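Student: give the three-dimensional model of this entry:
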Amino acid sequence: MTPALLLAAVTVFEGARVIVGDGSVVEDGVLVVRDGVIESVGPRGATSLPQDASRVSLQGKTLMPLLVDIHGHIGFLKDGVFAAEHYGSENIIDQLRILESFGVGAFMSLGTDVGPDAFRIREDQRAGRMGGARLLVAGRGFVAPEGGPTVSPLEHVPHEVDRPEIARLLVRDLADRKVDMVKVWVDDRNGTRPKLPPEIYRAVIDEAHARGLRVMAHVYYLEDAKELLRAGVDGFAHMVRDKELDEEFLRLAKERNVFQAAALAIQAKPVGSGWLQDPAFRERTRPEVVARLERGETGLPGMPTAEQTERFKSLMRTNVSKLHAAAIRIALGGDTGIPTRFVGYNEHLELQALVDAGLTPLEAIAAGTSVGAQILGLDDLGTLARGKSADFFVLDANPLENIANTAKIAAVYRKGFPINPPSPSW
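Tutor: Residues are numbered from 1 along each chain as shown. Modelled structure (predicted):
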């Protein structure tokens, strides 16, 4: 990554391929930034250049908006270890800086925000007192008693609720804290955990909507997904994973205008999948962390077999294709921040998984930029267009030829100024 440069109030970035984020591309483009805001974008020679501007040549590079991840878990992963003692302001701030250094502009922490730290950091960012990827929070989500996440130490982090009236009280508390989303887990973990019953998640959805909040659901089974749609859920944090999507699901999803985070990359094993050897990962990761992963010490309860992984990929390709054909919104949501899903790098793995599931690189980039920004209401992010914040990153290679090139980062800019990347902290 390049060192910080001293730039004028008006800066022209010229010569790069500009991936706008909305599905369009400008070859040999010009991006004009004034006071941190994009003033214009277009092809060189057809775009007016201010006389008082400083100029940055990006010849041969690719420029694209910062990524938006709508499904992650902030604060627990540190030095490759997922643990309760890591959770707190210091690690959350470190992770937000790492995310930004990897070209991630916003991160939705979904249902595992314990205590006040994440909320305080979110407000500091909004007040301009802190940088890093923008943090959005959901507080603590909802599970059945003894249900929910199986990854330690998240087992008892969400609210364990057995009565609708208690669920409503807890949603009101989340509304008072101005959460950005509400999370429910509806999954029995292959029959090993109690599943949140419909009367509870219906109460959560109803109360959240009454308070102007949206609800995002962790789901596994097709029939649960359809019941959640009938209850008015707004989006899914995982794909249906037990069978192919049917016409009823697609009709309900279309009627509700729901959004879908895929979280496809969670199936990729560190060893054998290739990413453990990726220089973009290894150069930012401590050797002892890499060594643990190479020994298979992932911290995850039961990684899938090769046969299961291939079956999953085939099913997900089919389901992504069906969602795409039905014009259901697909956004980048990597379940980032759990064991082996390293913040910053995992977003790039998720883009690769979306392409592997059938999206074109340009469609995957739109899922990771404009679609996510629209879902989260981040009106100044997601595309490189007039009036948007000049938040983008510069690549050494073309991701339209190989989506893995999004991880070949030359520089990251926030409001038109380069950031200084943090030192490795994995």
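
Student: residues contacting the residue lying closest to Ile74 once chain neighbours are set aside?
Tutor: In space, and not counting its chain neighbours, Ile74 is closest to Ser109: 4.1 Å by Cβ to Cβ, 6 or more residues apart in numbering. The way it works is simple: take the backbone N, C-alpha and C, and place the C-beta from them, glycine included. The contact partners of Ser109, by Cβ atoms under 8 Å, 6 or more residues apart in numbering, come to Gly72, His73, Ile74, Gly75, Ala118, Leu135, Leu136, Val137, Ala138, Gly337.

Student: which of those residues sits closest to Thr298?
Tutor: Minimum distance to Thr298 across the contacts of Ser109 is 14.1 Å, recorded for Gly337 (Cβ to Cβ).

Student: my guess is that closest one meets Leu77, correct?
Tutor: Yes: between Gly337 and Leu77 there is a contact under Cβ atoms under 8 Å: 5.4 Å.

Student: pull up the overlap in contacts between those two.
Tutor: Shared contacts of Gly337 and Leu77, defined by Cβ under 8 Å, 6+ apart, are found at Gln95, Val343.

Student: quick check: longest helix of this structure.
Tutor: helix 306-325 (DSSP state H).

Student: that one: which residues count as buried?
Tutor: Of the residues in helix 306-325, Thr309, Phe312, Lys313, Leu315, Met316, Asn319, Val320, Lys322, Leu323, His324 count as buried by neighbour count, 16 or more other Cβ atoms under 10 Å.

Student: the protein: helices as residue ranges?
Tutor: Using DSSP H, helices in the chain cover 89-101, 117-126, 164-176, 198-210, 222-231, 247-256, 279-282, 287-294, 306-325, 345-356, 361-366, 372-376.

Student: including mean pLDDT and distance to Ala262, could the ones you listed go into a markdown table?
Tutor: Listed next are the helices of the chain as a markdown table, based on pLDDT from 0 to 100; distance: least, Cβ to Cβ, whole Å:
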| stretch | mean pLDDT | distance to Ala262 |
| --- | --- | --- |
| helix 89-101 | 97 | 19 |
| helix 117-126 | 98 | 24 |
| helix 164-176 | 98 | 25 |
| helix 198-210 | 98 | 21 |
| helix 222-231 | 98 | 14 |
| helix 247-256 | 98 | 14 |
| helix 279-282 | 90 | 20 |
| helix 287-294 | 90 | 23 |
| helix 306-325 | 89 | 7 |
| helix 345-356 | 96 | 6 |
| helix 361-366 | 98 | 10 |
| helix 372-376 | 98 | 12 |
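
Student: okay, and the beta partners of the most centrally placed residue in the chain?
Tutor: Ranked by distance to the mean C-alpha position of the chain (Cα atoms, centre = their mean), the top residue is Asp69 at 1.5 Å. Per DSSP bridges, the residues bridged to Asp69 are Phe107.

Student: on that earlier part again, got the angle between the longest helix of the chain and helix 247-256?
Tutor: Angle, helix 306-325 to helix 247-256, by axes from the mean of the first three to the mean of the last three Cα atoms, to 10 degrees: 50 degrees.

Student: what packs against helix 306-325?
Tutor: helix 247-256, strand 329-331, helix 345-356 (3 or more Cβ pairs under 8 Å, 6 or more residues apart in numbering; DSSP states H and E).

Student: which residues touch that helix?
Tutor: The contact list for helix 306-325, computed with Cβ under 8 Å, 6+ apart, reads 239-241, 243-245, 250, 253, 260, 262, 264, 267-269, 272, 304, 330, 354, 356-359, 363.

Student: and with 7 Å instead?
Tutor: 239-241, 244-245, 250, 260, 262, 264, 267, 304, 330, 357-359 (Cβ atoms under 7 Å, 6 or more residues apart in numbering).

Student: any of those buried? List them.
Tutor: Counted by 16+ other Cβ under 10 Å, the contacts of helix 306-325 give 239-241, 245, 250, 260, 262, 264, 267, 330, 357-359 as buried.

Student: just these now: which is nearest Lys415?
Tutor: Nearest member of the buried ones among the contacts of helix 306-325 to Lys415, counting by Cβ to Cβ, is Ile330, at 28.4 Å.

Student: next up, the contacts around the nearest residue to Phe249 once chain neighbours are set aside.
Tutor: Nearest-residue entry for Phe249: Lys226, 5.5 Å, with adjacent residues in sequence omitted and distances by Cβ to Cβ, 6+ apart. Going by Cβ under 7 Å, 6+ apart, Lys226 touches Glu248, Phe249, Leu252.

Student: how many residues are close by the last one?
Tutor: I take that to be Leu252. Counted by other Cβ atoms under 10 Å, the residues lying close to Leu252 total 17.

Student: quick one: contacts for it?
Tutor: Contacts for Leu252 were tallied using Cβ under 7 Å, 6+ apart; they are Lys226, Leu229, Arg230.

Student: then Ile19?
Tutor: Residues in contact with Ile19 (Cβ under 7 Å, 6+ apart) are Val25, Thr62, Leu63, Met64, Ile365.

Student: likewise Ile205?
Tutor: So Ile205 contacts Val215, Ala231, Gly232, Val233 (Cβ under 7 Å, 6+ apart).

Student: isn't Asp187 up against Tyr220?
Tutor: Yes: the pair Asp187 and Tyr220 passes the contact test of Cβ atoms under 7 Å, sitting 4.5 Å apart.

Student: so for these two, which residue has more residues nearby?
Tutor: Legend: neighbour count by other Cβ under 10 Å for Asp187 and Tyr220, higher for Asp187 (23 against 18).

Student: from Ala366, how far off is that one?
Tutor: 28 Å (Cβ to Cβ, to the nearest Å).

Student: could you do Ala263 as well?
Tutor: Distance from Ala263 to Ala366, by Cβ to Cβ: 18 Å.

Student: again, but for Ala331
Tutor: For Ala331, the distance to Ala366 (Cβ to Cβ) stands at 9 Å.

Student: do Ala203 as well
Tutor: Relative to Ala366, and taking Cβ to Cβ, Ala203 is found at 35 Å.
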